[in-house]
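Novice: sequence first, predicted model second:
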Amino acid sequence: MKPILTHSSLTPIPAPWLARSSLEVAPDLVGCTLVRQFDSGLALHGLIVETEAYTPGDPACHAYRNRTARNAVMFGSAGMAYVYLIYGMYHCLNVVTDSDGVPSAVLIRALQLDTVPDWIDDRQATKPHRVAAGPGKLCRALKIDLSLTAQPFGVNEPLWLAHRSSAFQQAIDQAEIRLVQTTRIGLTQGADLPWRWYIQNNPAVSKKMIE
DNA sequence: TTATTGATCCTA
DNA sequence: AGGATCAATAAT
């Protein structure tokens, strides 16, 4: 395990905080921390550096058409994990948002990890801040798969979320850290909607981008 | 029932 | 530019 950065006290995010429009929650989750806890007692922390919002009426949302076995959790109450398999080989993690009955979620697209897990191969580990730089990569790094879908975020669960540190919030308030809002990645529908947010100049965002 | 698609990532 | 690889969804 190679340390990348340290973190101070973490305050858990309660489900009601997530029971808002995904368009509000997505930017608010940037700068928060995702914690992955294993049965072994090992815990990994990742600073959320990039998110995307998916809403009802959004053609890119998996819940756009009908309620199915896969997307059912998005119709439920906020604070649950929605995990799905993409392109047959990667998993993606979402936080379910908004009121019960309103299908919406926030996709976690990139994390800055506090440590590089042992199971990451040496080649990848040479660039520590790229290990979780993408929705598929972060699920691989944190061993997130379909077994975690429809599970609640919580301090006694495999996954939980913590609020921004006061230092991060201050940096946002003083514009030392800036959020960029732009279009989402990899979509054929709803590609023009500016519903992605990321930390400007952060080395762990999912792709190299200008401005 | 079979065919196509996809909120990705890596290699060349 | 192309391939890996498979569940959900669309088409037959």
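Specialist: Ah, there it is.
Novice: residues contacting A:Asn202?
Specialist: Shown in contact with A:Asn202 (C-beta atoms under 8 Å, 6 or more residues apart in numbering): A:Val49, A:Glu50, A:Gln112. In short, each C-beta sits where N, CA and C put it, glycine included.
Novice: most neighbours among the residues you listed, which one is it?
Specialist: A:Glu50 (29 neighbours; other C-beta atoms under 10 Å).
Novice: which SS class is it?
Specialist: Assigned by DSSP: H, G, I helix; E, B strand; the rest coil, the conformation of A:Glu50 is strand.
Novice: was I right to think it contacts A:Arg196?
Specialist: Yes. At 7.1 Å, A:Glu50 counts as touching A:Arg196 under the criterion of C-beta atoms under 8 Å.
Novice: hang on, isn't A:Leu148 packed against A:Pro158?
Specialist: Yes. Under the criterion of C-beta under 8 Å, A:Leu148 makes contact with A:Pro158 at 5.8 Å.
Novice: center of chain A - which residue?
Specialist: A:Ile108 (2.0 Å; C-alpha atoms, centre = their mean).
Novice: excluding its backbone neighbours, what's nearest it?
Specialist: A:Leu93 (5.0 Å; C-beta to C-beta, 6 or more residues apart in numbering).
Novice: work out for me the element the closest residue to DNA strand C within chain A sits within.
Specialist: Closest contact between chain A and DNA strand C, by C-beta to the nearest atom of the strand, is at A:Gly88 (2.6 Å). Using DSSP states H and E, A:Gly88 sits within no helix or strand.
Novice: got any ranges where chain A has weak pLDDT?
Specialist: Applying pLDDT under 70 to chain A flags residues A:1-8, A:208-211.
Novice: got the residue ranges for the helices in it?
Specialist: A:15-18, A:22-29, A:72-75, A:122-125, A:135-141, A:166-173 (DSSP state H).
Novice: and DNA strand B, is the second one touching that?
Specialist: It refers to helix A:22-29. No. Using C-beta under 7 Å from any atom of the strand, we find that helix A:22-29 stays clear of DNA strand B, coming within 9.4 Å at best.
Novice: for that helix, the distance to its chain's centre please.
Specialist: Helix A:22-29 sits 11 Å away from the centroid of its parent chain (C-alpha atoms, centre = their mean, to the nearest Å).
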